[in-house]
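Undergrad: one predicted model, sequence on top.
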Amino acid sequence: MLVAPDQPTCRLVTLGCKVNQYETQLVKEALVSGGYREADDGESADICVVNTCTVTSTGDSKGRQLIRQLARRNPGTRTIVMGCYATRDPATVARLPGVFEVVRDKRELPDVLGRLGIVELPRGITHFDGRQRAYVKVQDGCILRCSYCIIPQVRPGLQSRSPEDIEEEVKRLLGAGFREIVLTGIHVGHFGVDTTRGRSGRPRFRLQHLFQRLDQIPGRWRMRLSSIEAREINDEFIKIAADCEHLCPQFHPALQSGSDAVLQRMRRRYTTEQFLDTIHAMREQLDQPSFTTDVIVGFPGETDAEFEQTVSMCRQVGFSKIHIFPFSPRAGTPAAELPDQVPATVRKDRVHRLDSVQQQLASQYYSGLIGDKLEVLVERSAKDRPGHVRGTDRRYVPVTLPGDQDEIGQLVEVRAVSQDETGVEGTR
């Protein structure tokens with residue numbers, strides 16, 4: 001590709017969640033359409049964009065460190081900082097080296113980019129660089145008040161995208177060759193709550209209606225949901241999910257704790273009994289669904305008995321994957337001020353113990369797939385296994401199979417022949 005000698009360069013870096021990754025891609029496409037190109041390795045960039053995370057204080061620290069590194073490695077660069085940390089503490093961010101714009105509110109982005117000569121921010125993305133599955137942001141914001149979470153303070157309110165815009169974007173990405181689309185957001189289960197409350201005669205159009213609509217797009221492809229609250233999975237949701245050809249039977253209801261007392265201190269909106277009832281209802285109507293989840297261990301006041309309740313709950317559900325987080329006090333949240341903070345050594349021990357359980361549960365789930373046909377999205381070569389590739393099936397199970405790099409990004413069928421706690425071995 002010929003490059004104009006005076007073409008401005010950019011470098012973009014993302015910390016945090018799928019929504020951040022999507023928003024960085026959107027900004028990247030805006031810059032490229034406005035005449036910028038991504039800087040090559042070792043080349044200094046005229047503009048750097050950092051999309052930050054503030055879920056934990058460690059995220060804040062990583063953001064500051066990254067901004068300083070970019071200033072050193074890109075002499076004279078101008079850095080735009082966006083994302084949740086920029087929203088939460090713009091004054092600190094503005095004092096970091098090289099920073100010339102702090103985007104405190106995403107609605108400021110068109111003005112910020114306009115000062116770089118970018119006429120218009122795209123309404124959606126056309127590609128997802130560096131990935132074999134594409135994320136599509138369907139909504140923004142959270143209105144809950146979980147006691148440990150800072151995100152509602154930096155992404156307040158709800159903003160759902162129009163189904164028309166989402167459908168157009170999905171079609172563009174499928175046309176670009178992507179075979180898996182992940183519907184994501186800050187609180188995906190609240191999609192449509194802000195736009196179709198049923199007060200003005202408009203019919204309710206919620207998340208299940210969105211994936212039902214997208215399911216009508218023809219072709220060999222699949223869609224996946226990111227995290228969703230168990231309380232938002234009702235009978236209609238389950239029925240529509242069971243009827244959707246393209247929807248993957250893998251769901252991520254965040255448990256956080258298996259103790260009702262801890263859930264109350266977390267200000268979660270369900271009991272363990274309600275959570276289990278939802279899981280059982282989904283298992284009755286869906287084809288071998290897998291359930292992944294998030295769990296926080298060592299929440300303030302968590303006793304040994306309450307932790308054991310979490311272990312028991314995880315065994316009852318039979319999660320195929322548990323993302324385990326030791327509680328980290330987040331300044332500005334009620335949980336940071338709660339008494340009876342659990343010592344770090346205890347939190348670390350509970351992480352290890354629950355991780356051992358989750359490996360057992362994963363192995364048990366994978367063993368139930370032996371002999372089944374699996375549809376696998378090939379994602380990368382298996383460097384330790386010449387002549388093999390790795391990917392994930394519809395239930396988000398890691399699969400190793402014979403193949404070569406020409407199949408990366410494609411959907412292929414294999415039969416599961418063996419497994420361990422790390423995944424499944426497939427054969428053609």
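TA: Structure's in. What do you need? This is a predicted model, so every value here is computed, not measured. Numbers count the residues shown, from 1 in each chain.

Undergrad: and the residue nearest to residue 328 when sequence neighbours are not counted, how many neighbours?
TA: When the adjacent residues along the chain are set aside, residue 328 lies closest to residue 56, with 4.9 Å between them (Cβ to Cβ, 6 or more residues apart in numbering). All C-beta spots, glycine's among them, are computed from the backbone N, C-alpha and C. Burial measure for residue 56: 14 neighbouring residues, criterion other Cβ atoms under 10 Å.

Undergrad: could you do the one 3 residues further on as well?
TA: A count of nearby residues for residue 59, using other Cβ under 10 Å, gives 19.

Undergrad: residues contacting stretch 297-304, please?
TA: When contacts are taken as Cβ atoms under 8 Å, 6 or more residues apart in numbering, the neighbours of stretch 297-304 outside the stretch itself are 148, 257, 259, 262, 265-266, 307, 310, 324-327, 335, 338-342, 346-347, 350-351, 354.

Undergrad: if you set the cut-off to 7 Å instead, what comes out?
TA: In this structure, residues lying in contact with stretch 297-304 by Cβ atoms under 7 Å, 6 or more residues apart in numbering are 257, 262, 265-266, 307, 324, 326-327, 335, 338-342, 346-347, 350-351, 354.

Undergrad: out of the residues you listed, which are buried?
TA: The neighbour-count test (16 or more other Cβ atoms under 10 Å) marks 257, 262, 265-266, 307, 324, 326-327, 335, 338, 341-342, 347, 350-351, 354 as buried among the contacts of stretch 297-304.

Undergrad: take these and keep only those in strands.
TA: 324, 326 (DSSP state E).

Undergrad: quick one, helices of the stretch 301-428 of the chain?
TA: Secondary structure of the stretch 301-428 of the chain (DSSP state H, counting those that start in this stretch): helices located at 304-317, 344-367.

Undergrad: how far off centre is stretch 77-86?
TA: Computed by Cα atoms, centre = their mean, to the nearest Å, the separation of stretch 77-86 from the middle of its chain amounts to 20 Å.

Undergrad: average pLDDT across it?
TA: The average pLDDT within stretch 77-86 is 97.

Undergrad: same deal with stretch 397-409?
TA: Taken as a whole, stretch 397-409 carries a mean pLDDT of 96.

Undergrad: dump that stretch to PDB, restricted to CA.
TA: Once non-C-alpha atoms are left out, stretch 397-409 reads as follows in PDB (Å, rounded to 0.1, in the frame of the first residue of the first chain):
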ATOM      1  CA  VAL A 397     -16.100 -24.500  24.800                       C
ATOM      2  CA  PRO A 398     -12.400 -24.300  23.800                       C
ATOM      3  CA  VAL A 399     -11.700 -26.900  21.000                       C
ATOM      4  CA  THR A 400      -8.500 -28.100  19.500                       C
ATOM      5  CA  LEU A 401      -8.900 -29.700  16.000                       C
ATOM      6  CA  PRO A 402      -6.900 -30.600  13.000                       C
ATOM      7  CA  GLY A 403      -6.600 -27.700  10.500                       C
ATOM      8  CA  ASP A 404      -4.400 -24.900   9.200                       C
ATOM      9  CA  GLN A 405      -4.400 -21.100   9.400                       C
ATOM     10  CA  ASP A 406      -6.400 -20.800   6.200                       C
ATOM     11  CA  GLU A 407      -9.500 -21.700   8.200                       C
ATOM     12  CA  ILE A 408      -9.000 -19.000  10.800                       C
ATOM     13  CA  GLY A 409     -12.300 -17.000  11.000                       C
END
